[in-house]
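Asker: Just to be clear, the model below is a prediction. Sequence and coordinates:
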Amino acid sequence: MLDSQNVDTPAENSHHSSKTRLIAKIGWAALIVATLYVCYFSHLGAIGFVGPDEPRYAWIARDMMESGDWVTPRLYGKPWFEKPPLLYWGAGLCFKWFGVSEAAARLPSALSALLATLALAWLALRLYGAETARWLLLLLPTTVGMIGFSHAAATDMPFSGMLTIAMVCAAVVLGLTRNEYTPILPRTPWLTLLLFGFCLGLAVLAKGPAAIILSGGAVFFWALFTKRWRDAFRLLHPVAIASFCATALPWYVLCARRNPDFFRVFIIEHNFKRFLTPEFQHIQPFWFYGPVLLVALLPWTGVAVWTAVAGIARARRSRKLSPDIVFLFSWPAVVVLFFSVSQSKLPGYVLPAMPAIGLLLTRSCTKVALERRRSFGLTLTAFALLLFAAGEFVLHGLTRLRSPAVEFTFPFAFLLLTIALLNALLAAEFSITAAWIRPLVALACVIPILSLLSLEDTLASEPFHFSSKELAVQLSHYRVPADRVFIYGGTGMKRSDRYSLNFYLHRELTDWDQNSGVEAYVVSGTNRCEQLRRQGMDCENLWHRYNPESFVTHLKPSNQ
């Protein structure tokens, strides 16, 4: 006879199962929150402003905050109409609330990335269930593209974030989220239409009319392939149009009234000419965005390649795709095709394609990979071995070279080996059938990335100098008056360094006039002191960074 005390009752089993599910939910929630915070918000100010855009955008935002003029963007006191004002507004408000800093300037991009990810996770939940939504919240934020652009004071992430939310709203209006609990007679989604127009208007305020072309093109091709034109025309509901116009048009009208040349500069030069001509010197081949996407999707590039191959094979067998998959294919395809045709190409232009691609590869992991475990595991294992071999080559091969690039070999090799490990872990994750161990493997997939990002301050230190911030700090340390700092003309100093120095010194630096006869601190790309001494000038070379484009020469008038 069995001992009744050792037999669990159905009620006890149910209680134990409920407790296990609750612990699992809490664990997933904690992991997701940590991932979103570390990937999007940690170390926003780890490095100074980099590139030519960040310091200029930050200058305009600070000018708006200081002057109180939130309509006309001004760079060095002159109207500047290259981009609309959404980023400037966000950064300017963050400057006002939190003080002027790199983190405050980049906070709007981080918030945009977070909102876009949450909106897409909601869509994944409605379309494919909780598991896909959970994995999307882990895989998409940990990609290089989302991390990099969420940490940039640039217009790319606000544009992509607002466009992503608008596309999620479009999916709802198109009826893609309908299920067995949806009423048979569809109701007009007033709130969704309002939000669609509002977010599309914000996207137009972030980067311009391209938002209308990208969203409209994606919906057009979706309707073309699914033959659901009636659903597509629902997006032209008067509520959506009114919401869009109320959001986007006021600034365009006000700016055009205050600045007669606004339409010519912004619409003609920075939209049509940028797209149709190579005038802005961002010339790249047609296939440029293929490699850009492969890099942006790291460390999950192997998953993306496998998803593309498996998806094409699956489509050829079934010869029919579901409306939601057609929508998720049309969205990034239009983005990539549109900017591939453009005569001006920059990596950030393709960022609006990232969210949809992230959802596709996540869906592939949670469904197709489980059906084809062998090919999925072999593909990721092969990709991991390739990265491991590349990391070993960089670590042991390039370290023998005697050049400044050797300083970068260890971090680069470490990054490659980490990505190799992540792909091996992900291959193991979807090869495991035991449900209880999969959250632990998910944790192992994310922890290396979070740990790597936690070292960002260390990785941004010597010798990784990307900004003129350190030079500005040195000038302040030596009590150099900002109005005595000049640029040695024709030295080849990068314009990004010059713009960055302008921001930190809070003035536009001008070229040095050797006939001025005043004390000057001249920033040049090379050591000019010996040359100036031969010309009879009293000069002293003070310092230079690891980057040799930041020599500072102290010139004294002859009468001192």
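Answerer: Received it, and whenever you're ready, just let me know what you need.

Asker: element containing residue 554?
Answerer: Using DSSP states H and E, residue 554 sits in strand 551-556.

Asker: Find the least confident helix or strand in this protein, judged by mean pLDDT.
Answerer: Least confident element among the helices and strands of the chain, by mean pLDDT, DSSP states H and E: helix 456-459 (a mean of 54).

Asker: Go ahead and name everything in contact with the next helix or strand along the chain from that one.
Answerer: Helices and strands here follow DSSP H and E; after helix 456-459, the next one along the chain is helix 469-477. With contact meaning Cβ atoms under 8 Å, 6 or more residues apart in numbering, helix 469-477 is reached by 47-49, 102, 482, 485, 497, 500-501, 504-505, 521, 523, 543, 545, 550, 552. Bear in mind the C-beta positions are built from the backbone N, C-alpha and C, glycine included.

Asker: and the very next helix or strand once past helix 469-477, what's its mean pLDDT?
Answerer: The helix or strand immediately downstream of helix 469-477 is strand 485-487, counting by DSSP H and E. Throughout strand 485-487, pLDDT has a mean value of 82.

Asker: What is strand 485-487 packed up against?
Answerer: Counting by 3 or more Cβ pairs under 8 Å, 6 or more residues apart in numbering; DSSP states H and E, the packing neighbours recorded for strand 485-487 are helix 495-505, strand 520-524.

Asker: Next, format these as TSV and append distance to residue 313.
Answerer: Shown next, in TSV, are these (distance: least, Cβ to Cβ, whole Å):
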stretch	distance to residue 313
helix 495-505	44
strand 520-524	57
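
Asker: Give the buried subset of the contacts of helix 469-477 as a PyMOL selection command.
Answerer: The PyMOL command for the buried members of those (criterion: 16 or more other Cβ atoms under 10 Å) is given here:
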select buried, resi 47+48+49+102+485+497+500+501+504+505+521+523+545+550+552
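
Asker: any idea how far the spatially most central residue of the chain is from residue 327?
Answerer: Among the residues of the chain, the one closest to the centroid is residue 149, at 2.2 Å (Cα atoms, centre = their mean). Applying Cβ to Cβ, to the nearest Å, the value for residue 149 to residue 327 is 23 Å.

Asker: wait, residue 190 sits on residue 238?
Answerer: No - look at residue 190 against residue 238 with Cβ atoms under 8 Å: they stay out of range, at 10.9 Å.

Asker: Pull up the pairing partners for the strand holding residue 554, direction included.
Answerer: Strand pairing for strand 551-556, using DSSP bridges, gives strand 520-524 (antiparallel), strand 538-543 (antiparallel).

Asker: send the alpha carbons of the shortest one over as CSV?
Answerer: Extracted C-alpha coordinates of strand 520-524, given in CSV (Å, rounded to 0.1, in the frame of the first residue of the first chain):
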residue,chain,number,x,y,z
ALA,A,520,46.9,82.6,-29.9
TYR,A,521,46.5,78.9,-29.2
VAL,A,522,46.5,77.3,-32.7
VAL,A,523,45.1,73.8,-33.2
SER,A,524,46.7,72.0,-36.2
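
Asker: if you count residues, which helix in this protein comes out on top?
Answerer: helix 10-40 (DSSP state H).

Asker: Quick one: mean pLDDT for that one?
Answerer: Helix 10-40 comes out at a mean pLDDT of 76.

Asker: tell me which residues of it are tucked away?
Answerer: Within helix 10-40, the residues scored as buried using 16+ other Cβ under 10 Å are 28, 31, 32, 35, 36, 38, 39, 40.

Asker: same deal with stretch 502-511?
Answerer: 502, 503, 504, 505, 509.

Asker: closest to residue 59 among these?
Answerer: residue 503 (5.2 Å; Cβ to Cβ).

Asker: So that closest one versus residue 426, what's the distance?
Answerer: 41 Å.

Asker: Please apply the same query to residue 257.
Answerer: With Cβ to Cβ as the criterion, residue 257 and residue 426 are 54 Å apart.

Asker: Comparing these two, which shows the higher neighbour count?
Answerer: Taking other Cβ atoms under 10 Å, residue 257 and residue 426 do not tie; residue 426 has more neighbours (27 against 10).

Asker: mind checking how far that one is from residue 312?
Answerer: According to Cβ to Cβ, residue 426 and residue 312 sit 21 Å apart.

Asker: Same question for residue 229.
Answerer: Residue 229 is 26 Å from residue 312, by Cβ to Cβ.

Asker: swap in residue 113?
Answerer: Distance of residue 113 to residue 312, computed by Cβ to Cβ: 29 Å.

Asker: Between those two, which is the more surrounded one?
Answerer: Neighbour count, other Cβ under 10 Å: between residue 113 and residue 312, residue 113 has more, with 30 against 10.

Asker: Might one say that residue 552 is in contact with residue 529?
Answerer: No - with contact defined as Cβ under 8 Å, residue 552 does not count as touching residue 529 (10.1 Å).

Asker: Run through who's touching stretch 305-323.
Answerer: Contact with stretch 305-323 is made by 174, 176, 222, 225-226, 228, 294, 329, 360-361, 364, 368-369, 372, 375-376, 379-380, 383, as judged by Cβ under 8 Å, 6+ apart.

Asker: then that stretch to CSV, C-alphas only?
Answerer: Taking Å, rounded to 0.1, in the frame of the first residue of the first chain, the C-alpha atoms of stretch 305-323 are listed here in CSV:
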residue,chain,number,x,y,z
VAL,A,305,21.3,34.6,-43.1
TRP,A,306,19.7,31.3,-42.1
THR,A,307,16.3,33.0,-41.8
ALA,A,308,16.6,34.4,-45.3
VAL,A,309,17.6,31.1,-46.8
ALA,A,310,15.0,29.1,-44.9
GLY,A,311,12.3,31.7,-45.6
ILE,A,312,12.9,31.6,-49.3
ALA,A,313,12.9,27.8,-49.3
ARG,A,314,9.7,27.7,-47.3
ALA,A,315,8.0,30.3,-49.6
ARG,A,316,8.9,28.3,-52.6
ARG,A,317,7.3,25.1,-51.1
SER,A,318,4.1,26.7,-49.9
ARG,A,319,3.9,29.3,-52.7
LYS,A,320,1.8,31.5,-50.4
LEU,A,321,2.8,33.8,-47.5
SER,A,322,0.5,34.9,-44.7
PRO,A,323,-0.5,38.6,-44.8
